[in-house]
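Colleague: based on what follows, work out the 3D shape:
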Amino acid sequence: MLKFSRGIDQDRAATAGGLQQIAFARGSAAAAQPSRLPTLVATAAAVAVLYFARDVFLPLAIAILLTFALAPLVSRLRRVGCPRSVAVIGTVTTAFLFLSAFGVVIAMQVSEVAQNLPTYQYNIVEKVRTLKETGSESQILERIGRVIERISTEISRPEPEVRASPEPTPETKPLLVEIFSPQRPIETLKNIINPLLGPLATTGLVIVVVIFMLLEREELRDRFIRLVGYGDLHRTTEALQDAGARVGRYLLMQLVVNITYGIPLAIGLSLLGIPNAVLWGMLAIVLRFVPYIGPVIAAALPLFLAFAAAPGWSLLVWTAALFIVLELLSNNVVEPWLYGSRTGLSPLAIIVAAIFWAWLWGPVGLVLSTPLTVCLVVLGRHVPQFEFLEILLGNEPVLDPKERLYQRLLAGDPDEATDNAEDMLQEKYLVEFYDTVAIPALLLAERDRARGALTNTQAAQIAQSANTLIANLEEIAGEEEGEEETSTEAQESDDDNDDAEEYDLPPGDGKSVLCVGGRSDLDDVTASMLAQTLWIQGADAAHATHEVLKAGNIKALQLEGRNAVVLSVLDQDFMRHAKFTVRRLKRIAPAARVGIVLWKEDGRPGTTERDQLIESLQADFVVFGMGDAVREALSDELPRSLKLAHPKIAPGYAMRRSKRTDTESTVKAD
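Modeller: Below you'll find the predicted structure:
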């Protein structure tokens, strides 16, 4: 009893020590992980400064983006021998003259549209009357009309006068008379100029800033590097180049896309007879810089004009058809052709960025939302403290394919896992998908199981979902099996590629292979994947669960005619008992090659270590990947003979054995 209590005390002490070590390790990890609070505080402070000082930062942001857009043109002029000042001033002057002419044309077109609006009143009234006379829609329009009339009547109704006490004789109030004198020419000019002073001053400030930023571009770059990234020149230089390339490419390509959209739109609207077609084409070029919202606004105005300009409905239908055709061509033909690479933003991030910058800086912020967000994504890519920006706004996958597959299997969602697998199988073969994505995902599950983070129930659910995934990919496996014979010449021509050499597998015609899971349900899944890969190569492949390797079941295995038996193992602890399992299988099927696939994603042993492992296990082969497993399973090599070790017999045991034999012979003689 005393020994037992001492053992309990020792166990408690060991447990307490282990808990202290775990707590210390967790505390060290928490201390090593940097706090995100300073980053969040700095971000909130930066947003507040941008909001309250928008009058200062808005022209500066416009100037920076125009500098990004004009810098390639200045660099090209410098390469042909043009002086820096001439190249900068000439480029900026040309750009702003073009923008000014663009604005003047738009202003003239808008004035013309305003003058012609009263002529469209009759068509609008007639079409509204036609809609009211239609069957089902008349009630809706009448109800809307009555609601509008009630609201307007209530608004125009005068408020009743409230009097404290009735007055028998109301006093007559004097009538106020104001005498207006005609304005002087100077006052009239002042009234015209005052609203224009703000935009003109902002424009002049932007022009000056752009000129100086282009003239001092290298100097500003060096100062920024010295201020921000002097300790890591490589990362800072890469970030600046990445930001400049992305923003400049986006602005240039978006301008080209908008022009290829706006010019055909103006021509089409002119042919249809829409008034001021040039205006709508130019507005489409500008408004399409605003993501998602801009094209809708650009289409709404011409559609309304088509509704008002013609008495019939055909013009409206043809105008809508024109916009639909141009949108389809622009989104599916022009943009994929011109955009060699996207801006790196997800579609949801573009919408959120448009909302945020519109709240921050108004309509101008809406136009600048995408380029500014591109700069934020570049900042998150190259600065570890702002990595969350790239994760939230970027379009790159944040999980590796193996991690994403493991997460879906853990969640019990084989359907989405199948969809993701089919997307990847558009570019790679099934054997490559299993070797580089599926098996590594199961290795992650095995590691979690080994360290206690994965329960047996979760492991069983992962295995079940993975088996469903394999069954869903059966059709793709059948298609690849049919392609094996027709793609032999194509594979021979691609032998220079490392991946092609790694997955250039031999045919399995006439071979019969049994794949068996080593120790767990996850091992059974890998055995099923290996069997499916062998079946694609033309072999007669089957798989069995790890239950058949138990002492009472292994003798019932039907191994006649099998060329190879492959044990598929994720669990490293299985290697302790692998030698006995290999011996049993060799005794049952001496004509079959018995090998082990010990799945490893990295850190695979070398040739010498592998040969030592083969010798100690007495296996015919030990491999660590899908390609080598298929080659060894379909190999024509003969199996190794089983070496049976003879135990040493003790002298006393030999003497007792001889005496027992003499006694038995005497009994038989009597």
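Colleague: from here on, just use CA atoms for contacts and neighbour counts.
Modeller: Will do.
Colleague: okay, now the unreliable bits of the stretch 151-300 of the chain?
Modeller: 151-198, 227-238, 291 (pLDDT under 70).
Colleague: now stretch 61-79: buried residues?
Modeller: 61-72, 74, 77-78 (16 or more other Cα atoms under 10 Å).
Colleague: contacts only, for Lys402.
Modeller: Thr436, Val437, Ala438, Pro440, Ala441 (Cα atoms under 8 Å, 6 or more residues apart in numbering).
Colleague: next SSE after the helix or strand harbouring it?
Modeller: Remark: Lys402 resides in helix 401-410, with elements defined by DSSP states H and E. Using DSSP H and E, the next helix or strand after helix 401-410 towards the C-terminus is helix 414-424.
Colleague: average model confidence for that next one?
Modeller: For helix 414-424, the mean per-residue pLDDT is 87.
Colleague: now stretch 551-571
Modeller: pLDDT averaged over stretch 551-571 gives 84.
Colleague: tell me the phi and psi of Ser641?
Modeller: For Ser641, the backbone dihedrals (degrees, to the nearest 10) come out as phi -80, psi 150.
Colleague: count of neighbours near it?
Modeller: 14 (other Cα atoms under 10 Å).
Colleague: next up, the contacts around it.
Modeller: Listed by Cα under 8 Å, 6+ apart, the contact partners of Ser641 are Pro590.
Colleague: stretch 588-597: end-to-end distance?
Modeller: Here the two ends of stretch 588-597 are set 20 Å apart, with distance taken as Cα to Cα, to the nearest Å.
Colleague: give me the residues contacting that stretch.
Modeller: In contact with stretch 588-597 (Cα under 8 Å, 6+ apart) are residues 555, 559-560, 562-569, 582, 585-586, 619-625, 629, 633, 638-641.
Colleague: put the buried members of those residues into a ChimeraX selection.
Modeller: Applying 16+ other Cα under 10 Å to the contacts of stretch 588-597, the buried members can be selected in ChimeraX as follows:
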select :559,562,563,564,565,566,567,568,569,582,585,586,619,620,621,622,623,624,625,629,633,639,640
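Colleague: what helices and strands are in contact with whichever helix in the chain runs longest?
Modeller: Taking DSSP state H as the criterion, the chain has its longest helix at helix 233-272. Contact analysis of helix 233-272 by 3 or more Cα pairs under 8 Å, 6 or more residues apart in numbering; DSSP states H and E lists helix 54-79, helix 217-228, helix 277-287, helix 314-329, helix 335-338, helix 369-382 as its packing neighbours.
Colleague: show me what the next helix or strand after the shortest one is packed against.
Modeller: So the one you mean is helix 335-338. Sequence order places helix 347-367 as the next helix or strand after helix 335-338, per DSSP H and E. Counting contacts by 3+ Cα pairs under 8 Å, 6+ apart, helix 347-367 is packed against helix 37-52, helix 54-79, helix 369-382, helix 387-393.
Colleague: avg pLDDT for helix 347-367?
Modeller: Mean per-residue pLDDT for helix 347-367: 81.
Colleague: rewinding a little: need the helices and strands packed on helix 347-367 in a markdown table (columns: distance to Leu348).
Modeller: Listed next are the helices and strands packed on helix 347-367 as a markdown table, based on distance: least, Cα to Cα, whole Å:
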| stretch | distance to Leu348 |
| --- | --- |
| helix 37-52 | 20 |
| helix 54-79 | 23 |
| helix 369-382 | 12 |
| helix 387-393 | 8 |
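Colleague: so which of those helices is nearest Tyr429?
Modeller: helix 387-393 (29.5 Å; Cα to Cα).
Colleague: what comes up buried for that closest one?
Modeller: Glu387, Phe388, Leu389, Glu390, Leu393.
Colleague: distance from it to the middle of the chain?
Modeller: 11 Å (Cα atoms, centre = their mean, to the nearest Å).
Colleague: averaged pLDDT, that helix. What do you get?
Modeller: Helix 387-393 comes out at a mean pLDDT of 78.
Colleague: got the buried residues for the longest helix of the chain?
Modeller: For helix 233-272, by 16+ other Cα under 10 Å, it's 235-237, 239-240, 242-244, 246-259, 261-263, 265-266, 268-269, 272.
Colleague: could you do stretch 455-470 as well?
Modeller: In stretch 455-470, counting by 16+ other Cα under 10 Å, buried: Gln458, Ala459, Gln461, Ile462, Ala463, Gln464, Ser465, Ala466, Asn467, Thr468, Leu469, Ile470.
Colleague: Serialize the residues you listed to a markdown table and add fields for distance to Pro401, secondary structure and pLDDT.
Modeller: Output for the buried residues of stretch 455-470, formatted as a markdown table (distance: Cα to Cα, whole Å; DSSP: H, G, I helix; E, B strand; the rest coil; pLDDT from 0 to 100):
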| residue | distance to Pro401 | secondary structure | pLDDT |
| --- | --- | --- | --- |
| Gln458 | 20 | helix | 88 |
| Ala459 | 19 | helix | 88 |
| Gln461 | 20 | helix | 90 |
| Ile462 | 16 | helix | 91 |
| Ala463 | 18 | helix | 90 |
| Gln464 | 19 | helix | 91 |
| Ser465 | 16 | helix | 91 |
| Ala466 | 15 | helix | 91 |
| Asn467 | 18 | helix | 90 |
| Thr468 | 18 | helix | 90 |
| Leu469 | 15 | helix | 90 |
| Ile470 | 16 | helix | 90 |
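Colleague: the stretch 551-670 of the chain: strands as residue ranges?
Modeller: Ranges of strands in the stretch 551-670 of the chain, per DSSP state E, counting those that start in this stretch, are 564-569, 593-598, 621-623.
Colleague: sorry, back to before: can you flag the buried ones in the contacts of Lys402?
Modeller: By neighbour count, with 16+ other Cα under 10 Å, the contacts of Lys402 hold Thr436, Val437, Ala438, Pro440, Ala441 as buried.
Colleague: just those now: which is nearest Leu425?
Modeller: Val437 (11.0 Å).
Colleague: pretty sure Arg449 sits against Ala459.
Modeller: Yes. Under the criterion of Cα atoms under 8 Å, Arg449 makes contact with Ala459 at 7.4 Å.
Colleague: circling back: how about the buried residues of helix 387-393, which pair is most distant?
Modeller: Farthest pair in the buried residues of helix 387-393 (Cα to Cα) is Glu387 and Leu393. Separation: 10.2 Å.
Colleague: what count of nearby residues applies to the residue nearest to Gly268 when sequence neighbours are not counted?
Modeller: Of all residues not flanking Gly268 in the chain, Leu322 sits nearest, at 7.2 Å (Cα to Cα, 6 or more residues apart in numbering). Leu322 sits with 17 neighbouring residues when counted by other Cα under 10 Å.
Colleague: in this structure Leu322 contacts Ser270, no?
Modeller: No. At 11.6 Å, Leu322 does not count as touching Ser270 under the criterion of Cα under 8 Å.
Colleague: hey, C-alpha coordinates of stretch 426-442 in PDB?
Modeller: Output of stretch 426-442 as PDB, limited to C-alpha atoms (Å, rounded to 0.1, in the frame of the first residue of the first chain):
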ATOM      1  CA  GLN A 426      -7.500  20.700 -64.600                       C
ATOM      2  CA  GLU A 427      -3.700  21.300 -64.500                       C
ATOM      3  CA  LYS A 428      -2.300  18.100 -62.900                       C
ATOM      4  CA  TYR A 429      -2.900  14.300 -63.000                       C
ATOM      5  CA  LEU A 430      -4.600  12.500 -60.300                       C
ATOM      6  CA  VAL A 431      -1.400  10.800 -59.100                       C
ATOM      7  CA  GLU A 432       0.200  14.200 -58.700                       C
ATOM      8  CA  PHE A 433      -2.800  15.500 -56.800                       C
ATOM      9  CA  TYR A 434      -2.700  12.500 -54.400                       C
ATOM     10  CA  ASP A 435       1.100  12.800 -53.900                       C
ATOM     11  CA  THR A 436       1.300  16.600 -53.400                       C
ATOM     12  CA  VAL A 437      -2.000  17.500 -51.900                       C
ATOM     13  CA  ALA A 438      -4.100  14.600 -50.600                       C
ATOM     14  CA  ILE A 439      -1.400  12.600 -48.900                       C
ATOM     15  CA  PRO A 440       0.200  15.700 -47.200                       C
ATOM     16  CA  ALA A 441      -3.300  16.600 -46.000                       C
ATOM     17  CA  LEU A 442      -3.600  13.200 -44.300                       C
END
